[in-house]
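Dropping the sequence and predicted coords here.
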Amino acid sequence: MAERPGIDEYFLEIASVVAKRSTCLRNKVGAVVARDKRILSTGYNGAPSNMEHCLEIGCIRQQQNIESGTRHEKCRAVHAEQNAIIQAAIHGVSTAGATIYCTHQPCILCTKMIINANIKRVVYLADYPDSDSLTFFSDASVEVINYSEQPG
């Protein structure tokens, strides 16, 4: 019989499934916002609503050889964390005091949104080349856990 996953592992697995909907050609990213062991919203990275996706027209960042973790404004996609926060807002769901589970460490833009959405905890699987985000989280007293570094 399989061992029952802990709550962080459970929501990270869900974020990994959500990431499969991504239309990004470079990174498939998923996010789940949860509070009290309940999902509030989910998001994955992709073009804004009613716009063509990179899967259809190609990746501007690849075409211009833009290094990962830089020049976020050149990306056509809305990030997974941003989409999860936006979905909560559209549906009138407060994210205050929640945890966001991400397949990747949030970038600095998503970090600022997470802080202002009053999300108090971030759990992620993969590193992202944006160390400023970790400093911002620390300065804002947001707990951050790199799950890949957890024992067991």
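Looks like it came in fine.

residue ranges with poor pLDDT in this protein?
Applying pLDDT under 70 to the chain flags residues 1-2, 69, 72, 74, 151-152.

which non-adjacent residue is nearest the residue positioned nearest the centre of the chain?
Nearest to the geometric centre of the chain sits Glu81, at 3.6 Å (C-alpha atoms, centre = their mean). What sits nearest to Glu81 in space, not counting adjacent residues and going by C-beta to C-beta, 6 or more residues apart in numbering, is Cys110, at 3.9 Å. All C-beta spots, glycine's among them, are computed from the backbone N, C-alpha and C.

residue contacts, the one you found?
79, 81-82, 133 (C-beta atoms under 8 Å, 6 or more residues apart in numbering).

if we can go back for a sec, within the helices and strands, which one has the residue nearest to the centre of the chain?
According to DSSP states H and E, Glu81 maps onto helix 80-90.

same for that helix, what does it pack against?
Helices and strands touching helix 80-90, by 3 or more C-beta pairs under 8 Å, 6 or more residues apart in numbering; DSSP states H and E, are helix 7-19, strand 30-35, strand 38-44, strand 99-104, helix 108-116.

And the ones you listed: which comes nearest Glu73?
Among the helices and strands packed on helix 80-90, the nearest to Glu73 by C-beta to C-beta is helix 108-116 (8.6 Å).

now the angle between strand 38-44 and that closest one, please.
Compare the direction of helix 108-116 with that of strand 38-44 by axes from the mean of the first three to the mean of the last three C-alpha atoms, to 10 degrees and you get 160 degrees.

Kindly calculate the angle that the helix or strand that helix 108-116 is followed by makes with strand 99-104.
Later in the chain than helix 108-116, the nearest helix or strand by DSSP H and E is strand 121-126. Inter-element angle recorded for strand 121-126 and strand 99-104: 20 degrees (by the same axes, to 10 degrees).

For stretch 93-100, buried residues please.
For stretch 93-100, the neighbour count (16 or more other C-beta atoms under 10 Å) marks 95, 98-100 as buried.
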